[in-house]
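K.L.:
Task: produce atomic coordinates for the following.
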Amino acid sequence: MTFKTSYKVGLALIFCYLVAWLDRMAINMTIPDMAKEFAMDAKDRGWILGAFFMGYALFQIPGGMLADRIGPRKVILVALAWWSVFTAATGLVASFTSMVVVRFLFGVGEGIFPAAVWKVIGQWFTKKNRGTANALILSSIALGPALSPPLLKLLLPEFGWRGSFYALGFAGVLCLLVAWLYVSNSIHEHPQVSREEREEYERDSHSEAANAEKTLEKASFGELLRSPIIWVLFFVALIYNVTMYGWLTWLPSYLLKEKGLDLKNMASAASVPFIFGTAGCMLAGYVSDRWFRGRRKYLVFGSQVIGGICLYQFTQVSDFTTYMIFQCIAGFLLYMAAGAFWTLPMILVPTKLMGKGSGFINTGGQIGGVLTNILIGYVITWNNDNYTTGFYVMLGALVVAALLVLVGIREQPAAAAVKPSPEPALS
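P.N.:
Sure thing, here's the model as predicted:
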């Protein structure tokens with residue numbers, strides 16, 4: 001069986017996204033040591049964590065515009081080079097202020113990356129299997145947090161927090177090489193795509209499954225922004241990321257402060273739930289493409305509700321085994337919700353506007369990232385360093401996001417005449 005070129009492109013994007021998440025999640029493991037060196041309280045930590053998301057949020061739409069204008073390959077290569085430099089530069093900072101500046105600039109580099117990736121997905125995979133491909137690639141958003149604690153547990157004792165960022169910067173250089181070798185703008189431009197693979201792509205493009213859901217037929221970005229569903233997706237991404245980024249960012253400190261774990265046990269407890277999250281995100285695209293065409297929001301909503309209940313229970317029990325079970329179930333379901341949610345832009349946004357459209361929606365998500373880090377930092381400080389109160393903010397946001405998914409998202413259901421599609425496969 002021939003290993004398709006589209007598979008190679010997908011694996012290259014997974015690797016790049018994985019390193020991106022390792023780079024950004026490293027701050028969560030290293031910030032306790034930074035806090036001691038720079039005498040920072042929870043508010044200061046919140047600003048350092050939030051600085052990344054400010055840069056990340058501000059450059060989502062510019063990244064999408066560039067991807068639509070000059071092609072996603074160039075944008076991806078620039079992003080990889082830029083963030084690798086500023087990942088390594090994190091290890092050179094000498095003060096709280098310089099840390100905020102470097103983290104902001106690091107966020108700029110990562111900010112132009114996601115929309116370019118979605119543009120590549122839109123031009124390499126048809127709507128028949130785009131949700132599956134997207135969820136597999138996005139599974140790195142859970143795999144990165146799963147791998148960063150054990151990786152940093154190895155690096156920190158040997159190299160300290162500064163040396164750890166130098167090592168991660170080098171990993172970014174490897175990503176740049178991989179992207180240079182394997183990523184192209186579209187399936188029609190890659191020289192290694194076989195005639196059989198191109199023909200399969202064209203067949204899939206015209207299949208019943210690929211055309212079972214309606215795409216917004218908009219000629220310009222301005223017209224796209226006049227679609228209510230785009231704004232609903234924007235605000236769902238914003239509010240849901242208050243939960244997801246809050247959990248990712250504050251979990252290590254919560255485990256140390258509230259659960260009383262040491263560095264070794266904390267690394268495991270902060271890692272395992274996101275391994276389950278990786279599985280949930282990977283399955284989300286397949287499940288969504290297979291059984292939820294035209295009603296994907298119900299998969300998102302149901303996963304958010306049950307996952308939220310488990311995340312709440314995680315904060316209420318003290319037995320290690322019990323709260324880890326709750327946290328692992330929460331990880332699986334909340335990342336399944338995230339993976340299923342991001343199939344919606346992949347289906348609804350026209351391919352020619354995929355960069356700007358997905359970048360706009362993800363801007364909402366990253367505004368949520370800015371808000372959650374700064375807001376939760378203040379909430380924890382106001383409550384005498386009670387980190388559990390931060391989780392109550394996350395859970396409140398989750399309730400609002402789930403209700404907005406249920407009430408605000410209107411999908412075009414599959415036509416009654418369309419037969420159930422066969423199991424989707426990457427093509």
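
K.L.:
so what's G107 up against?
P.N.:
G107 makes contacts with A51, F52, F53, M54, G55, Y56, A57, L58, F59, as judged by C-beta atoms under 8 Å, 6 or more residues apart in numbering. Bear in mind the C-beta positions are built from the backbone N, C-alpha and C, glycine included.

K.L.:
Following the chain past the lowest-mean-pLDDT helix or strand in the chain, name the next helix or strand.
P.N.:
Scoring the helices and strands of the chain by mean pLDDT, DSSP states H and E places helix 263-269 at the bottom, with a mean of 85. Next helix or strand after helix 263-269 toward the C-terminus (DSSP states H and E): helix 272-291.

K.L.:
Averaged pLDDT, that following helix. What do you get?
P.N.:
What helix 272-291 shows for mean pLDDT is 94.

K.L.:
buried sites along the helix or strand following that helix?
P.N.:
Using DSSP H and E, the helix or strand that directly follows helix 272-291 along the chain is helix 296-316. The neighbour-count check on helix 296-316 (16 or more other C-beta atoms under 10 Å) flags 296-297, 299-315 as buried.

K.L.:
repeat for stretch 25-34
P.N.:
Residues of stretch 25-34 classed as buried: M25, A26, I27, N28, M29, T30, I31, P32, M34 (neighbour count, 16+ other C-beta under 10 Å).

K.L.:
which helix is the longest one in this structure?
P.N.:
helix 140-182 (DSSP state H).

K.L.:
Give me the helices and strands touching that one, please.
P.N.:
With contacts taken as 3 or more C-beta pairs under 8 Å, 6 or more residues apart in numbering; DSSP states H and E, helix 140-182 sits against helix 5-38, helix 72-90, helix 263-269, helix 272-291, helix 320-341.

K.L.:
For those, give me JSON lines that also has distance to V120.
P.N.:
JSON lines is the format used below for these (distance: least, C-beta to C-beta, whole Å):
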{"stretch": "helix 5-38", "distance to V120": "7"}
{"stretch": "helix 72-90", "distance to V120": "5"}
{"stretch": "helix 263-269", "distance to V120": "33"}
{"stretch": "helix 272-291", "distance to V120": "16"}
{"stretch": "helix 320-341", "distance to V120": "17"}
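
K.L.:
so what's the residue nearest in space to the middle of the chain scoring on pLDDT?
P.N.:
Nearest to the mean C-alpha position of the chain, by C-alpha atoms, centre = their mean, lies I141 at 4.4 Å. Looking at I141, its pLDDT is 90.

K.L.:
Name the nearest residue to it, sequence neighbours excluded.
P.N.:
Sequence neighbours aside, W21 is the residue nearest to I141 in space, at 5.9 Å (criterion: C-beta to C-beta, 6 or more residues apart in numbering).

K.L.:
So that neighbour sits against L143, correct?
P.N.:
Yes: with contacts defined as C-beta atoms under 8 Å, W21 counts as touching L143 at a distance of 7.3 Å.

K.L.:
can I assume the residue nearest to the centre of the chain is in contact with G280?
P.N.:
No: assessed by C-beta under 8 Å, I141 is found out of contact with G280, at 11.1 Å.

K.L.:
Find residues that contact each of these two.
P.N.:
What both I141 and G280 touch, as defined by C-beta under 8 Å, 6+ apart, is the set Y335.

K.L.:
Output stretch 142-159 as CSV, nothing but the C-alphas.
P.N.:
The C-alpha trace of stretch 142-159 is given here as CSV (Å, rounded to 0.1, in the frame of the first residue of the first chain):
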residue,chain,number,x,y,z
ALA,A,142,-3.4,17.7,23.9
LEU,A,143,-0.3,15.6,23.1
GLY,A,144,1.9,18.7,23.7
PRO,A,145,0.6,19.3,27.2
ALA,A,146,0.9,15.5,27.9
LEU,A,147,4.5,15.4,26.9
SER,A,148,5.8,18.7,28.3
PRO,A,149,5.6,17.8,32.0
PRO,A,150,7.7,14.6,31.7
LEU,A,151,10.1,16.3,29.2
LEU,A,152,10.6,19.3,31.5
LYS,A,153,11.0,16.9,34.4
LEU,A,154,14.1,15.6,32.6
LEU,A,155,15.4,18.9,31.4
LEU,A,156,15.0,21.1,34.4
PRO,A,157,17.3,19.2,36.8
GLU,A,158,20.0,19.0,34.2
PHE,A,159,19.8,22.3,32.5
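
K.L.:
So which residues make contact with that stretch?
P.N.:
With contacts defined as C-beta under 8 Å, 6+ apart, stretch 142-159 is touched by 17-22, 24-26, 28-30, 33, 163-164, 166-167, 248, 252, 263-264, 266-268, 270-275, 277-278, 280-281, 331, 335.

K.L.:
let's see it at 6 Å
P.N.:
18, 21-22, 25-26, 29, 164, 248, 267, 270-271, 274-275, 277-278, 281, 335 (C-beta atoms under 6 Å, 6 or more residues apart in numbering).

K.L.:
same question, stretch 233-242
P.N.:
Stretch 233-242 is contacted from outside by I361, G364, G365, I367, G368, G369, T372, A397, V400, A401, L404, V405, using C-beta under 6 Å, 6+ apart.

K.L.:
redo that, cut-off 7 Å
P.N.:
Identification of contacts with stretch 233-242 by C-beta atoms under 7 Å, 6 or more residues apart in numbering yields 341, 344-345, 360-362, 364-365, 367-369, 371-372, 394, 397, 400-401, 404-405.

K.L.:
Then stretch 19-30?
P.N.:
For stretch 19-30, using C-beta under 7 Å, 6+ apart, the contacting residues are 49, 52, 83, 87, 110, 113, 140-141, 144-145, 147-149, 151-152, 161, 164-165, 168, 171-172, 175, 248-249, 252.
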